[in-house]
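Participant: predicted model and sequence follow; I will ask about them next.
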Amino acid sequence: MIALPISKVGTQNFPVVFLLFFIKIYFVQPLISVTTTSLFIQYIKADQQGFGLGIQRAVINISGICSPLYAGLLLGTTWIMLLSLLIILVIATILVAVVYRSFQPKNPMNYQH
């Protein structure tokens, strides 16, 4: 993220920086998708899993379409794009902190110390 504002559209290093970010996102996104899906399955009731996973995949697919469009619009103003990513991260962190205590796995493990 540090190199993106430094690289300006039209310069020689811009395609290299763009490809490096694209490759990083291309390889990291499946890892995030698989781990969030497995965590989601652990914390949702069995009769609601189909609906919940459908909503989750819809959000992931819609964000996969809208994110490049949004980033492309803000390519000339990278600070706005990075600030919006930071705001989304802060909101997600706050939401996780609010509901963290209510997470209950379906089959809690009994640890003996």
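Facilitator: Sure, I can see it. Numbering: from 1, shown residues only.

Participant: run through this structure and note the low-pLDDT ranges.
Facilitator: Across the chain, residues meeting the criterion (pLDDT under 70) sit at 1-14, 103-113.

Participant: ranges for the helices of it?
Facilitator: Taking DSSP state H as the test, the helices found in the chain are 3-6, 14-42, 49-73, 78-99.

Participant: number of residues surrounding residue 20?
Facilitator: 13 (other Cβ atoms under 10 Å). Every C-beta, even on glycine, is put in place using the N, C-alpha and C of the backbone.

Participant: now do residue 93
Facilitator: The burial count for residue 93: 10, using other Cβ under 10 Å.

Participant: also the one 4 residues further on?
Facilitator: Summarising burial for residue 97: neighbours were counted as other Cβ under 10 Å, giving 9.

Participant: ok, residue 53 next?
Facilitator: With other Cβ under 10 Å as criterion, residue 53 counts 14.

Participant: list the contacts of stretch 24-38.
Facilitator: Contacts with stretch 24-38, where a contact means Cβ atoms under 8 Å, 6 or more residues apart in numbering, come from 53, 56, 60, 64.

Participant: centre of the chain to that stretch, how far?
Facilitator: 8 Å (Cα atoms, centre = their mean, to the nearest Å).

Participant: kindly report the same for stretch 56-70.
Facilitator: Relative to the centre of its chain, stretch 56-70 is centred 10 Å away, using Cα atoms, centre = their mean.
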